[in-house]
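J.: what follows is a protein structure lacking sequence information:
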């Protein structure tokens, strides 16, 4: 049986201030926890059903992770999900040294390098899904503005479905970052008006910039964009039709088109 202290500690990690204070975040779900363990994240503790512990004995072998078998009612008390998963992990937030712009971009590759830049993405589900999309298309680096939603928000972690273990999210000054990147590879921005995405010969190396869900790309970033792209609507021009695409949906379409274009070349 879990102690009241354990329940309080795990539950507190839903709030950003307690994640920052403890340096811990929570991850729920079999695939997600498996991905974090396999990627050698520092797992503080695991709370799981007896059946999950039994079925994953090989995964846990020699890991030295404290495991607490948890009854269904107890999992409901610590879970952040409406339908609790059989396993929840408390994970140590990886140390992130101060981002050294000059050192990082001095050796930045120019060949076959596609990356994403996110300008003030605020919805946790969008950020998590975008990281999952990046993972699917083999994009290993996502540059996030300092105002983008926190990476270890439980909804972000959950939406990545394990991709948080494979895609590097770098929080940085996007003006400085894009200024440096644009010296090496082109920067493409997603807009409601621009050149038709489906009519472009897109390079294998580029930055795809995705703007805020409500306000789009910030004005201070526009001068750094090599080319503005639009995903054209094919629907009828009728009042009430969708005005724009969800940020993560737009990201998926853009990534797919960039990859498709590079395969043709």
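T.: Noted; the coordinates are in hand. Computed from a prediction, not measured in an experiment: that's the story for all the values here. Numbers count the residues shown, from 1 in each chain.

J.: how far does the helix or strand hosting residue 158 sit from its chain's centre?
T.: Element membership for residue 158, per DSSP states H and E: helix 154-160. Counting by CA atoms, centre = their mean, to the nearest Å, helix 154-160 is centred 8 Å from the centre of its parent chain.

J.: list the buried ones in the next helix or strand after that helix?
T.: Using DSSP H and E, the helix or strand that follows helix 154-160 in sequence is strand 168-172. Buried residues in strand 168-172, counted by 16 or more other CB atoms under 10 Å: 169, 171-172. For the C-beta atoms, the positions are set from N, CA and C on the backbone; glycine is no exception.

J.: dump these into JSON lines; add pLDDT and distance to residue 59 as well.
T.: Shown next, in JSON lines, are the buried residues of strand 168-172 (pLDDT from 0 to 100; distance: CB to CB, whole Å):
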{"residue": "169", "pLDDT": "96", "distance to residue 59": "25"}
{"residue": "171", "pLDDT": "96", "distance to residue 59": "31"}
{"residue": "172", "pLDDT": "95", "distance to residue 59": "34"}
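
J.: out of the residues you listed, which is nearest to residue 106?
T.: Of all those, residue 172 has the smallest distance to residue 106: 15.2 Å, by CB to CB.

J.: measure that closest one to residue 4 for me?
T.: Distance, residue 172 to residue 4, using CB to CB, to the nearest Å: 40 Å.

J.: how about the nearest residue to residue 172 once chain neighbours are set aside, phi and psi?
T.: Among residues not flanking residue 172 along the chain, residue 99 sits closest, at 5.3 Å (CB to CB, 6 or more residues apart in numbering). Phi and psi for residue 99, reported as degrees, to the nearest 10, are phi -70, psi 120.

J.: wait, residue 99 sits on residue 174?
T.: No: judged on CB atoms under 8 Å, residue 99 makes no contact with residue 174 at a distance of 11.8 Å.

J.: neighbour-wise, which of the two wins?
T.: Neighbours per residue, other CB atoms under 10 Å: of residue 99 and residue 174, the larger number sits with residue 174, 25 against 14.

J.: I'd say that one and residue 119 touch.
T.: Yes: counting by CB under 8 Å, residue 119 is a contact partner of residue 174 at 6.1 Å.

J.: and for those two, which residues touch both?
T.: Counting by CB atoms under 8 Å, 6 or more residues apart in numbering, the contacts common to residue 174 and residue 119 are 145, 218, 221.

J.: skipping adjacent residues, who's closest to the second one in space?
T.: Meaning residue 218. With CB to CB, 6+ apart as the criterion, residue 218 has its nearest non-adjacent residue at 5.5 Å, and that residue is residue 119.

J.: for residue 89, see how far away that neighbour is.
T.: Distance from residue 119 to residue 89, by CB to CB: 31 Å.

J.: next one: residue 146
T.: The value you get for residue 146 to residue 89, if CB to CB is used, is 27 Å.

J.: again with residue 74
T.: 15 Å.

J.: and these two? which has more neighbours close in?
T.: residue 89 (26 against 18).

J.: what's the lowest-mean-pLDDT helix or strand in the chain packed up against?
T.: When the helices and strands of the chain are scored by mean pLDDT, DSSP states H and E, helix 101-106 comes last with a mean of 79. Judged by 3 or more CB pairs under 8 Å, 6 or more residues apart in numbering; DSSP states H and E, helix 101-106 is in contact with helix 174-181.

J.: C-terminal to the helix it packs on, what's the next element?
T.: strand 187-196.

J.: show me what that next one is packed against.
T.: strand 206-210, strand 227-230, helix 247-264.

J.: outline the domain layout of this protein.
T.: The chain breaks down into these domains under automatic domain parsing: 4-92, 101-264.

J.: pLDDT below threshold where in the stretch 151-265 of the chain?
T.: For the stretch 151-265 of the chain, applying pLDDT under 70 flags the ranges 235-242, 264-265.
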